[in-house]
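Peer 1: predicted coordinates and the sequence they were generated for:
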Amino acid sequence: MATPAELKRHLAGPASPSEAIWFDRYSHERLQAWRQVQDPEADACTALMRYQRPTGLLEEVEQRARSEGGVFRDFIEHCYRVPDWVDFEQMELGRRVYRRYASLQGLVLMCSSLVEGYAHNKPAQVLVATGRLQKDVSRRIYETGQMLHNLVGEDGLRPGGVGHRTLLEVRLLHSAVRQFLQNNPRFDAQRYDLPINQEDMAGTILEFDFMVVRGLKRLGLRISRREHASMHYMWRYAGHVLGVREALLTTTVEEQEILALQLTSHLYDPTPDSERLAKALLRDMAGKPPFNLSYDVLLAFSRYLIGDAVADDLNIHSSVPAAMAVRLVRTAVSAVSASHRFVPDTLLRRIEDMNFALGRRTLKAGLGGDPARWGFKAMA
């Protein structure tokens with residue numbers, strides 16, 4: 001469910017000719033059609049493979065692309081072909097913002113984006129069927145953090161970079177999950193549509209981009225229009241690498257907002273599964289780095305970030321002291337964010353590098369410090 005202001009905006013309908021085009025482009029009818037489309041390039045490969053760890057999937061595709069060609073070579077060529085609209089320099093400001101506020105990004109992703117995403121019942125059923133976020137929950141979250149960390153490393157998204165390769169590993173993992181759920185009684189495709197389809201994939205990009213920026217602003221960060229546009233541009237290309245079709249990759253932050261409103265109104269349907277997934281996530285991450293926050297405080301952050309209406313639907317409540325702690329954090333974040341406007345760029349870069357290094361240490365600890373057990377091949 002959107003915020004009250006967003007709901008009012010959605011009910012009012014298009015406010016300009018551009019918005020009318022976007023409302024039609026992302027109508028419920030068109031979004032429903034995207035639920036019957038998956039990722040043909042990746043799926044053609046995994047249909048010929050046995051399930052492995054994500055790193056093993058990519059390594060096998062690369063090896064078979066060299067030895068066999070065919071669909072494996074087609075996949076690699078597709079993933080390394082950079083669209084004409086891509087300019088990596090335009091992503092640089094967004095990359096820096098994510099590095100600067102990496103910990104807050106993680107908090108928002110966990111307490112807001114993922115929790116609110118579980119209220120979209122159809123895509124959430126993939127998690128229910130596979131158990132990926134019901135068993136060893138914290139490890140799945142640290143692996144997601146590893147992906148985000150790799151994206152903002154130096155040249156991370158350029159073809160062949162650590163972030164780019166990590167996205168390919170994620171894309172093949174999603175495809176392997178589709179193969180696992182194909183004709184599997186654990187997943188009812190008649191009821192929930194094809195698993196990890198194009199609408200679901202576009203919604204995942206919104207969780208990492210639109211909903212994270214929205215949450216960071218709610219926590220008091222001052223994100224300029226230019227910074228926001230660069231963050232969106234970075235995720236537009238990341239979405240392309242992950243297999244999202246061009247028609248679902250929005251070109252502006254304004255267009256993205258319309259997609260978010262239409263997609264939420266199409267999919268929002270919280271169930272008891274939604275509540276179980278949300279609480280399992282917050283409960284398992286309680287007391288763990290980098291936040292080391294209690295379950296009650298995480299509930300308070302979640303309620304503040306997703307809003308009372310969604311929180312009530314998911315039965316997320318917290319104590320008054322925990323809610324007050326969130327308000328204090330917001331005040332502190334707002335003050336720090338304001339001070340950054342007066343910090344020289346050289347010092348800002350040092351802060352970003354320090355935060356990046358801290359994130360790397362946190363992830364190594366959370367993932368067990370053993371690279372052989374990490375979800376993805378490398379860490380930036």
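Peer 2: Perfect, I can see it now.

Peer 1: quick one: low-confidence residue ranges for the stretch 101-250 of the chain.
Peer 2: Counting by pLDDT under 70, the ranges of the stretch 101-250 of the chain that qualify are 132-134.

Peer 1: wait, what's in contact with Val108?
Peer 2: Contacts here follow Cβ atoms under 8 Å, 6 or more residues apart in numbering; on that basis Val108 touches Met211, Val212, Gly215, Leu216, Leu219, Leu305. Glycine gets a C-beta too; all of them are placed from N, C-alpha and C.

Peer 1: wait, the last one touches Arg218, no?
Peer 2: It stands for Leu305. Yes. Using Cβ atoms under 8 Å, Leu305 is in contact with Arg218, at 5.8 Å.

Peer 1: more neighbours: these two, which one.
Peer 2: Leu305 (24 against 17; other Cβ atoms under 10 Å).

Peer 1: ok, and the closest non-adjacent residue to that one?
Peer 2: Ser112 (3.7 Å; Cβ to Cβ, 6 or more residues apart in numbering).

Peer 1: ok, that neighbour - how many residues close by?
Peer 2: 26.

Peer 1: what sits against it?
Peer 2: Counting by Cβ under 8 Å, 6+ apart, the residues that Ser112 touches are Met211, Val212, Arg214, Gly215, Phe301, Ser302, Leu305, Ile306.

Peer 1: also Phe23?
Peer 2: Gly13, Pro14, Ile258, Gln262.

Peer 1: about what we covered before: among the contacts of Ser112, which are located in helices?
Peer 2: Members of the contacts of Ser112 lying in helices (criterion: DSSP state H): Met211, Val212, Arg214, Gly215, Phe301, Ser302, Leu305, Ile306.

Peer 1: distance to Glu143 for those - can I get that in JSON lines?
Peer 2: JSON lines is the format used below for the ones in helices among the contacts of Ser112 (distance: Cβ to Cβ, whole Å):
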{"residue": "Met211", "distance to Glu143": "19"}
{"residue": "Val212", "distance to Glu143": "17"}
{"residue": "Arg214", "distance to Glu143": "24"}
{"residue": "Gly215", "distance to Glu143": "21"}
{"residue": "Phe301", "distance to Glu143": "21"}
{"residue": "Ser302", "distance to Glu143": "21"}
{"residue": "Leu305", "distance to Glu143": "22"}
{"residue": "Ile306", "distance to Glu143": "23"}
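
Peer 1: ok, so of those residues, who is nearest Arg350?
Peer 2: Val212 (23.6 Å; Cβ to Cβ).

Peer 1: now the closest one, nearest residue through space, not along the chain?
Peer 2: Val108 (5.3 Å).

Peer 1: that neighbour: which element?
Peer 2: Per DSSP states H and E: Val108 is located in helix 102-108.

Peer 1: helix or strand next in line after that helix, which one?
Peer 2: Following helix 102-108 in sequence, per DSSP H and E, is helix 115-117.

Peer 1: packing partners for the helix or strand just after that next one?
Peer 2: Remark: after helix 115-117, the chain's next helix or strand is helix 121-130, criterion DSSP H and E. Where contact means 3 or more Cβ pairs under 8 Å, 6 or more residues apart in numbering; DSSP states H and E, helix 121-130 is packed against helix 162-181, helix 189-192, helix 198-208, helix 253-267, helix 272-285.

Peer 1: apply 7 Å and report the result again.
Peer 2: helix 162-181, helix 272-285 (3 or more Cβ pairs under 7 Å, 6 or more residues apart in numbering; DSSP states H and E).

Peer 1: quick one: contacts of that helix?
Peer 2: Helix 121-130 is contacted by residues 118, 133, 177, 181, 186-187, 192-193, 195-196, 200, 203, 267, 269-271, 273-274, 277 when judged by Cβ atoms under 7 Å, 6 or more residues apart in numbering.

Peer 1: re earlier: and the gap between the residue nearest to Val212 and Leu114?
Peer 2: Note on Val108: its distance to Leu114, by Cβ to Cβ, to the nearest Å, is 10 Å.

Peer 1: for Asp209, same thing?
Peer 2: Asp209 is 14 Å from Leu114, by Cβ to Cβ.

Peer 1: and for Thr271?
Peer 2: Taking Cβ to Cβ, one finds Thr271 at 16 Å from Leu114.

Peer 1: quick one, which of the two is more surrounded?
Peer 2: In this view Thr271 and Leu114 are compared by other Cβ under 10 Å, and Leu114 has more residues nearby, 23 against 16.

Peer 1: okay, now the closest residue to the more buried one other than its chain neighbours: neighbour count?
Peer 2: Among residues not flanking Leu114 along the chain, Leu281 sits closest, at 6.2 Å (Cβ to Cβ, 6+ apart). Leu281 sits with 24 neighbouring residues when counted by other Cβ under 10 Å.

Peer 1: just give the closest residue to Arg95, not the sequence neighbours.
Peer 2: In space, Arg95 is closest to Val152, 4.9 Å off (Cβ to Cβ, 6+ apart).
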